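*Asks:* Model the structure of this input:
(chains A and B)
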Amino acid sequence: MMAARIENAEPLERAAPAAPIIDIKGLGKTFTLDTGPVVALEKVDLTIHKGEFISFVGPSGCGKSTLLNMVAGLLPATEGEATLDGRAVTEPSRQVGFMFQTAVLLPWRTVEENVLMPAEVFGTRTEATRQKARAVLQAVGLGDFMNAYPRQLSGGMQQRVSLARTLTYEPDVLLMDEPFGALDEFTREAMNLELMRIAQAAGITVLFVTHNITEAVFMADRVVVMTPRPGKVSGVVDVDLPRPRAIDQMQSQTFTDLIFKVRGILGHGQGSHA
Amino acid sequence: MAKAVTLDAEPVKAASPYKSSQQELRYKLYTLAIVVVILAAWELAPRFGLVSAIILPSFSAVVGALVSLIQQDFFLRHFSVTLTEILIGFVLGTSIGLALGIALAVWPTAKRIAYPFVVGFQAIPKIVFAPLFIAWFGFGMSSKVVMAVVISFFPVLINTLVGLESVPEDARKLMRSIKATPLQTFRKVSLPHALPIIFAGVKAALTFAVIGAIVGEFVGSSEGLGYLVELYKNQLRIDRVFSVIVILAAIGAGGYFLLEWLDRKLIFWRTDTQGK
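*Replies:* Numbers count the residues shown, from 1 in each chain, chains lettered A, B, ... in the order given. Predicted structure coming up:
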């Protein structure tokens, strides 16, 4: 399992034929409405290896959030299945952390208390967990804000708390549903770099949903491109950019080519913000 | 209100405290000025014969009547009877409203079945029950307590239900993603989230409990402040009627400010200062 540790600059899935941590086989979702069945997501097949960073990009209605929710065990699939470490996903798992577009903090709790909330639910709130929470908050740059209340923080800082809350219980997989979608461009970039650094250091597998093509390409080992009506996977783009990634890589020809490749799959005239 | 789960909140606005407190002081002066004008009109109108002093005794006459009323031996008995009715009615009404609100919120089937009754009951002007309660529970305090309960539980029930149902979808999803039990979700997320809304209902319940007790006493009683109002009206001692009204207003206001204080202590994270 530790084979997925990153010592060199090789893209991960090439570094070693690591064991698949998530295997998606013929996973689909059809909603039954009064007007008849609506296909939210056509059958998807995708194998994700441990430590990989996968972006899912596409306009609204392409089924990317639906896919993420099914992998999280928050939404039952109508076809196929997703497996996590070889076991079929039927319910949420504590091996998996979920992050939303909003930070979803409890306003009556301090930053530290918010981060410790999952530990309370797990029944693992000990002094060791507390130390862990403090270390994680330090790592995301909130060491001075442990006793602050959420309303005293900016949107970016709140999202850091949300990230710290997830990282504190050490998930193997991080599922992120447009986590930085509500942030300004500068904050978003800083968060992108920080997330990659943390995920890489901890060997966390990340499934990252976004409608921002640049962000999707910049962060991922592979970009899964999705299109709507009906929601489906239209292509997968490998991103052969060395890690750790830096902002100036965005100027490279490879990066520009990748952006156009994704745009091409999305179809002509489709902007990055649907 | 539904924003208790903070989205993208801006850092707390640091408005100049000097300017705002000056503004605050000016508003307070305006309020005070209006009070002075009303009291002056009240004092002068009967004195200059604009209205009969029997119908509207002057402000100073009411103050005099109030002072003499408080000194009467029987006053304390009537006062404590009404206060007891209000307090028991308020506590019971709030508890029942809270319990029913929680039950309907956490048990969707119960809500489906019971909601039409709740709405139907809400449509009835509950004061019409007062004569019935006198017939059922007698002239004593219990009929007034029942009246206070019946009209005060409703705002608590509705606000509890609305508050618990307004928990943001993402917060529920977060709790599901960490496999929290329904009880954990209720205690850690739903109840604190609903608390500001529940508290608004509790404040309304206190006002309603006062109304319930007094209406009950109007309809049939031999003691209490509502009884005194009836008695003095029949004796045409309007100055004393006003005195009792002042006392009732003081009870209502005192209770309200107590709840307001408790609200601020309990719900310290509230971002708006309005209370509702």
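*Asks:* residue contacts, the closest residue to B:Val51 other than its chain neighbours?
*Replies:* Excluding its sequence neighbours, the residue lying closest to B:Val51 (CB to CB, 6 or more residues apart in numbering or on different chains) is B:Ala45, at 5.3 Å. Where you see a C-beta, it was placed from the backbone N, CA and C, and this is true even at glycine. B:Ala45 is in contact with B:51, B:56, B:58, counting by CB atoms under 8 Å, 6 or more residues apart in numbering or on different chains.
*Asks:* quick one: B:Ala45 and chain A, what's the gap?
*Replies:* For B:Ala45, the distance to chain A equals 50 Å [CB to the nearest CB, to the nearest Å].
*Asks:* can you give me phi and psi for that residue?
*Replies:* Note on B:Ala45: its backbone torsions stand at phi -60, psi -50 [degrees, to the nearest 10].
*Asks:* Quick check on whichever residue of the stretch 101-250 of chain A sits closest to chain B: phi, psi?
*Replies:* Residue of the stretch 101-250 of chain A nearest chain B, by CB to the nearest CB: A:Gly155 (3.7 Å). Main-chain torsions, A:Gly155, degrees, to the nearest 10: phi -60, psi -40.
*Asks:* hang on, it packs against A:Phe186?
*Replies:* No: applying CB atoms under 8 Å, one finds A:Gly155 not in contact with A:Phe186, separated by 11.7 Å.
*Asks:* okay, these two: which has more neighbours?
*Replies:* Counted by other CB atoms under 10 Å in any protein chain shown, A:Gly155 and A:Phe186 do not tie: A:Gly155 has more neighbours, with 20 against 9.
*Asks:* roughly how far apart are that one and A:Thr166?
*Replies:* For A:Gly155, the distance to A:Thr166 (CB to CB, to the nearest Å) stands at 17 Å.
*Asks:* pLDDT weak spots in the chain?
*Replies:* In the absence of a named chain, chain A is used. Scanning chain A for pLDDT under 70 picks out the ranges A:1-18, A:268-274.
*Asks:* look at chain B instead
*Replies:* Ranges of chain B meeting pLDDT under 70: B:1-19, B:271-276.
*Asks:* so after the biggest helix by length in chain A, what's the next helix or strand?
*Replies:* Longest helix in chain A, counting residues (DSSP state H): helix A:185-202. Counting by DSSP states H and E, the next helix or strand C-terminal to helix A:185-202 is strand A:205-210.
*Asks:* Please name the strands paired to that next one in the sheet, noting orientation.
*Replies:* Its sheet considered, strand A:205-210 pairs with strand A:53-57 (parallel), strand A:173-177 (parallel) by DSSP bridges.
*Asks:* winner for burial among these?
*Replies:* When the strands paired with strand A:205-210 are scored by mean count of other CB atoms under 10 Å in any protein chain shown, the highest mean neighbour count falls to strand A:53-57 (a mean of 26).
*Asks:* Can you confirm whether whatever helix or strand comes next after that one lies near chain B?
*Replies:* The helix or strand immediately downstream of strand A:53-57 is helix A:64-72, counting by DSSP H and E. Yes: applying CB under 8 Å from any CB of the partner chain, one finds helix A:64-72 in contact with chain B at A:Ala72.
*Asks:* outside of whichever strand or helix holds B:Gly120, which residues touch it?
*Replies:* Element membership for B:Gly120 (DSSP H and E) is helix B:108-123. If you take CB under 8 Å, 6+ apart as the criterion, helix B:108-123 is touched by B:103-105, B:154, B:157-158, B:161.
*Asks:* which of these has the most neighbours?
*Replies:* Of these, with other CB under 10 Å as the count, B:Leu157 tops at 27 neighbours.
*Asks:* didn't it look like it was pressed against B:Leu100?
*Replies:* Yes: contact criterion CB under 8 Å: B:Leu157 and B:Leu100 qualify, at 4.9 Å.
*Asks:* residue ranges for the strands of the stretch 51-200 of chain A, please.
*Replies:* A:53-57, A:79-84, A:87-88, A:96-99, A:173-177 (DSSP state E, counting those that start in this stretch).
*Asks:* ok, residues contacting the last one?
*Replies:* Read that as strand A:173-177. For strand A:173-177, the surrounding residues in contact (CB under 8 Å, 6+ apart) are A:21-22, A:65, A:68-69, A:71-72, A:84, A:95-101, A:166, A:199, A:204-209.
*Asks:* for stretch B:88-107, the distance to its chain's centre please.
*Replies:* When C-alpha coordinates are averaged (CA atoms, centre = their mean, to the nearest Å), stretch B:88-107 and its chain have centres 15 Å apart.
*Asks:* now swap in stretch B:156-165 and tell me
*Replies:* Centre to centre, stretch against its chain (CA atoms, centre = their mean), the figure for stretch B:156-165 is 16 Å.
*Asks:* Report the buried residues of the helix or strand containing B:Ile102.
*Replies:* According to DSSP H and E, B:Ile102 maps onto helix B:75-106. Under the neighbour-count criterion of 16 or more other CB atoms under 10 Å in any protein chain shown, helix B:75-106 has B:75, B:78-79, B:81-83, B:85-94, B:96-98, B:100-102, B:104-105 buried.
*Asks:* related to what we said a few turns ago, please pick the buried ones from the contacts of B:Ala45.
*Replies:* With burial judged by 16+ other CB under 10 Å, the buried subset of these is B:56, B:58.
*Asks:* of the contacts of B:Ala45, closest to A:Pro228?
*Replies:* B:Leu56 (72.6 Å; CB to CB).
*Asks:* got a list of what the closest one touches?
*Replies:* B:42, B:45-46, B:238.
*Asks:* ok, now B:Ile55?
*Replies:* Applying CB under 8 Å, 6+ apart to B:Ile55 gives the contacts B:Ile238.
*Asks:* Is it part of a helix or strand, or is it coil?
*Replies:* When classified by DSSP: H, G, I helix; E, B strand; the rest coil, B:Ile55 comes out as coil.
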